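S.K.: return atomic coordinates for the entry below.
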Amino acid sequence: MANSTSENLQNAAQSAKDTLAQQKDGAANTLGSLAGTLRKAARESDGGGGSAAHMAEWAADGLERVSATLRSNDLNGMMRQVESFARSQPVAFFFAAAAAGFLATRFLKAGAQPGIGEQSSLDRDPGRHELTGGAISKTDASSTVPL
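M.R.: Residues are numbered from 1 along each chain as shown. Okay, the predicted model is just below:
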């Protein structure tokens, strides 16, 4: 039984590594494609000489560097690099991780849309709503009722 559990854990770990490797490669391809698109847009706008074109070229260069790094490194190597950076620059690592978390949260929230026909509780009733004591309450002429 213990042997079977150990094999299951190893299989799950290998499956997770394979999935992460595929996602890493997909991200590298997507970033490379985005860099190419930015570079093309920079050439087509402003004749290639404006500040917006310069910023797009700069962003494309950065995206290409990240894409090349993702393509050339395996997951274990990248984890070692992240650990090394975290040990040598803990404050910068903390702020970078916090910024990445914030951006990921904003990205996920922006992509989350209510299903068809769903409305928030604030949209269903046209009455006045206010924040009272950490809870949203509906206020009408007769009473305050927590939602």
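S.K.: and stretch 81-96, average pLDDT?
M.R.: Per-residue pLDDT over stretch 81-96 has a mean of 92.
S.K.: I'd like the numbering to begin with 591 instead of 1 from here.
M.R.: That works, and once the first residue is 591, the last one we named lands at stretch 671-686.
S.K.: ok, which stretches of the protein are strands?
M.R.: Counting by DSSP state E, the chain has these strands, from start to end: 718-722, 725-729, 734-736.
S.K.: quick one: low-confidence ranges for the protein?
M.R.: 591-592, 636-639, 703-737 (pLDDT under 70).
S.K.: one more time with 80
M.R.: Along the chain, the parts satisfying pLDDT under 80 run over 591-593, 635-640, 697, 701-737.
S.K.: look up how far residue 594 lies from residue 656.
M.R.: 41 Å (Cβ to Cβ, to the nearest Å). From N, CA and C alone the C-beta is placed, and that goes for glycine too.
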